[in-house]
Every structure is written in C-alpha cells, then in structure tokens.
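Colleague: sequence first, then the predicted structure, then my questions.
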Amino acid sequence: MAGAPSFMNYLQQSFTVKFEYKVFFTSGLFSKSNPLFNDFLRSMETENISRKILFVIDQGFIDSGNEVIADIREYFKVNHAMQLVPEIIVIPGGEIVKNDTTYFDRILEAVNTCKIDRHSYIAAIGGGSLLDLVGYAAAISHRGIRHIRIPTTVLSQNDSGIGVKNGVNYFGKKNFLGTFAPPVAVFNDEHFLKTLNERHWRSGISEAVKVALIKDPIFFSWIENNANALVDRDIDTMNYLIRRCAELHMQHIAGKDPFESGSSRPLDFGHWSAHKLEQLSKFEVLHGEAVAMGMALDTVYSSLSGHLAEGESRRILSLLTKLGFELSHPIMQVSTNPAILLGLEEFREHLGGELTIMLLEGIGKGVEVHKIDTKILVKASEYLKGLNPKSSNA
C-alpha cells in the first residue's frame, strides 16, 4: 500500500522453549549397587535409536586417587541403558583447559570420530573449568548435544556445575566465548569431595557466602555457626551447604533473566575484581579464593560508600577469615596495581549496556550501582591490606 510506513512490512515470530533439568545428590554414583545413573539414562530413552555416551574426565580428579575410569567401565558392563564409548577422554582441569584450544579441539574430534549425535550424550566429570569447556563443546556440536555434568569440587557442585552457563577464555578475557545451554542433568556425588585438597575444599565455600550475602541472611548465619565444621571437613555439614547454595542459585536462574539479557548480574557479587585477579595472577589464585577477596573489597567499599553498616562489614570479613580465606592480594592494591580496574570495563563489556555492580545494603540484601568511585576503592583496598599483611608482599 502506497505511503505505508516501512516498519509495517515485516513478519513476526514468537515462541517459548522450556528448559528442565534435575540435580541429583548421591554417594558412589558409579558403584554397581547404585542404579541412579542407569535409571536416569533409561528414563531418557528414545525408541529404536542407538545412543552413546562419551565421558570427558578431569586429570586432576584422577590424580587425586580416584579410580573413576575403572568404575565407569565396570558400571556399564552391568548397566546397559546406553552404549559406552570405549575412548574416555582425560584432559587437565583448572583454568588452563579454558585457555588452550587444543583441549576444545580434542573434544570436537571425539564427537566426530565416535559419531556422537544429538540423541547421544557427553558427560563431563571434573571441576568447574572442565565443565565449562565440555559444556561449550557440547552446545555447539551439531547445534547441541545432550550434556551431563558430574561436578567433583565444592565450587562446581554448589555453583558453576548446576547453572546454565558454559564457555572458554579468549583474547585474554574470561568466558569471552560461551553459550547458555542447560545440562540435561547434574549428579553431585559426595564421595568425590573426600579427595579434595584443603584449598579446593575451602575455595567453593566462598560462593555459598556470596549467595547468602545477597539472598539469604538466615543461610549466612548458618555458615557463621558452622564455620568450624566446614573447615574441619565435616561431610554432612558440607552436604547441606552445597544443597542450599545450589537451591538458591537455581531459584535465581528460574527468575526473570536466566540468560542475562539485561545488564544486571546479582550472582556475580565480588566477581568484577575476582575475574581480573585470576587472569593477572595467571590463575595461580583459585576462583573461589579470588571471589573471597573480591567480596571483601566490595563489602568494605559498600561500607565506606555509605551503603552497609560498619558492623555488618566487620561480620562478613570475620567469617571469611574464619573460613581460612585471605582478604586481599598484592594485585588487588588499586593504588599500585591499577590494572585490576580493567575488570570493571570488562565486566560491563561482557554484558553490554551500562556498568552494573552489586553491592550490599545489608547481609542478605544487595543493591545495584552503576558507578564505582576509584578513590573509595583505593581506601577499601588499603583497609584490607592492613587486615591482611600478606597482600602487601609481591
């Protein structure tokens, strides 16, 4: 029609895709007497379609003394819901696996040569970095292969392993490449935690502190009251922490913005500096350790900027110290290491839009701000340096 506005000449489509997955809690996942894994695979059967399962396992997990490869082979000798791919891929864990595309290519090669199709599965067993990598490879192979996560660390069982994000590092930036692709299931095995060293056991607790600080003051008090048991590696206490933390993360994912289309990222409290600290330390600082330091910095900043009462700030720092975390690091000293400030712009860039940082108004109550005052940030880092003398050492 003559004179009709140009924007009238279009077609519009709208549809909704439902995502659903379960997080299972068990012990001895690949014990012959435990039918859970086989029962799940059988529940996902597709009639008259031959299906395979390819395992990718964290070398660090095996080096800790776990006989998981032998256990898997024995398990599938008596459980036949799916055909086990004979080649079990073992690659390093830790952030190196997200920095070197060699490992990514190896997974894609296995998908191709083993003929893993969209009705088959890739199962990843390991820490958060390996789960991120395998999840990304599964998401882009054949536009999406079914992915099962089997986290083996506290951090991956209560946070990264039960979420919907995956990715690899690129251009020196954390998770520059990635997708939102939920797994079909997550299996948390308490038995896998027992071989963790002290750093990895403790590291994942920081994410529980984080989610409690922004969502659940009662859970924060519980962590305070059970800090000694957590440090002493009481498995029942850790099981509760993991389950409650996972529950709070999953409730958030089910909210209004599961794929982070906006500029808000409340679950990343303390993360803008944590991500940059990991990179600048060449990943010698573990993610959970960096998050603890990032939370300490943003907690003190919240107090100095008038958002958070000083008493609550001290309470938070006291808990982090009681759990065995360092509160700062030489790289976190803003006045002498301004490179850490690049984390603010990278944080904004990762989501697009305006800078949005989560601070605290109280324990269990977050507040979003869109500006960070560098002078106050310097004061916050100096304050933590005084509490944490190690942070002044190069």
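Modeller: Good, I have the coordinates. Numbering: from 1, shown residues only.
Colleague: touching the strand or helix carrying E349 from outside, list them.
Modeller: For E349, the element it lies in under DSSP states H and E is helix 342-351. Contact with helix 342-351 is made by 173-176, 260, 262-263, 265, 268, 271-273, 275-277, 354-357, 372, as judged by Cβ atoms under 8 Å, 6 or more residues apart in numbering. Backbone N, C-alpha and C define where each C-beta goes, glycine included.
Colleague: now the element after it, going C-ward?
Modeller: Taking DSSP H and E, what comes next after helix 342-351 is strand 357-362.
Colleague: pairing partners for that next one, with directions?
Modeller: strand 365-369 (antiparallel) (DSSP bridges).
Colleague: and the helix or strand just after the strand it pairs with, what does it pack onto?
Modeller: Of the helices and strands lying after strand 365-369 in sequence (DSSP H and E), the nearest is helix 374-387. In terms of contacts (3 or more Cβ pairs under 8 Å, 6 or more residues apart in numbering; DSSP states H and E), helix 374-387 is packed against helix 287-304.
Colleague: give me the distance from the helix it packs on to the chain's centre.
Modeller: 17 Å (Cα atoms, centre = their mean, to the nearest Å).
Colleague: in the next helix or strand along the chain from that helix, what's buried?
Modeller: For helix 287-304, the succeeding helix or strand toward the C-terminus, using DSSP H and E, is helix 310-322. Of all the residues in helix 310-322, those buried under the rule 16 or more other Cβ atoms under 10 Å are E312, S313, I316, L317, L319, L320, T321.
Colleague: from those residues, pick the one nearest R202.
Modeller: L320 (10.6 Å; Cβ to Cβ).
Colleague: can I get the buried residues of helix 310-322 in JSON lines with pLDDT and distance to F24?
Modeller: Putting the buried residues of helix 310-322 into JSON lines (pLDDT from 0 to 100; distance: Cβ to Cβ, whole Å) gives the following:
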{"residue": "E312", "pLDDT": "97", "distance to F24": "36"}
{"residue": "S313", "pLDDT": "97", "distance to F24": "38"}
{"residue": "I316", "pLDDT": "97", "distance to F24": "32"}
{"residue": "L317", "pLDDT": "97", "distance to F24": "36"}
{"residue": "L319", "pLDDT": "97", "distance to F24": "30"}
{"residue": "L320", "pLDDT": "97", "distance to F24": "31"}
{"residue": "T321", "pLDDT": "96", "distance to F24": "34"}
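Colleague: wait, what's in contact with V334?
Modeller: Counted by Cβ under 8 Å, 6+ apart, V334 has contacts I340, L341, T374, L377, V378, A380, S381.
Colleague: and the residues you listed, which is closest to I363?
Modeller: Nearest to I363 among those, with distances taken as Cβ to Cβ, is A380, at 17.8 Å.
Colleague: hang on, the closest one packs against L297?
Modeller: Yes. A380 lies in contact with L297 (Cβ atoms under 8 Å); the separation is 5.7 Å.
Colleague: just the mean pLDDT for the helix holding E349, thanks.
Modeller: Average pLDDT, helix 342-351: 79.
Colleague: thought N169 was touching K98?
Modeller: Yes. The criterion here is Cβ under 8 Å, and N169 meets it with K98 at 4.7 Å.
Colleague: mutual contacts of those two, please.
Modeller: With Cβ under 8 Å, 6+ apart, N169 and K98 have common neighbours N175.
Colleague: so which residues of the stretch 1-150 of the chain form helices?
Modeller: Along the stretch 1-150 of the chain, the segments classed as helices by DSSP state H, counting those that start in this stretch run 36-43, 59-63, 68-78, 96-99, 101-113, 128-140.
Colleague: point out the most buried one among the ones you listed.
Modeller: helix 128-140 (a mean of 26; mean count of other Cβ atoms under 10 Å).
Colleague: just the CA atoms of that helix, as PDB, please.
Modeller: The C-alpha atoms that make up helix 128-140 are tabulated as PDB, following Å, rounded to 0.1, in the frame of the first residue of the first chain:
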ATOM      1  CA  GLY A 128      34.100 -26.000  37.100                       C
ATOM      2  CA  SER A 129      36.700 -25.200  34.400                       C
ATOM      3  CA  LEU A 130      36.400 -28.600  32.700                       C
ATOM      4  CA  LEU A 131      32.600 -28.500  33.000                       C
ATOM      5  CA  ASP A 132      32.600 -25.000  31.300                       C
ATOM      6  CA  LEU A 133      34.700 -26.300  28.400                       C
ATOM      7  CA  VAL A 134      32.800 -29.600  27.800                       C
ATOM      8  CA  GLY A 135      29.500 -27.800  28.100                       C
ATOM      9  CA  TYR A 136      30.600 -25.300  25.400                       C
ATOM     10  CA  ALA A 137      31.800 -28.100  23.100                       C
ATOM     11  CA  ALA A 138      28.500 -30.000  23.600                       C
ATOM     12  CA  ALA A 139      26.400 -26.900  23.000                       C
ATOM     13  CA  ILE A 140      28.000 -26.000  19.600                       C
END
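Colleague: sounds good, over and out.
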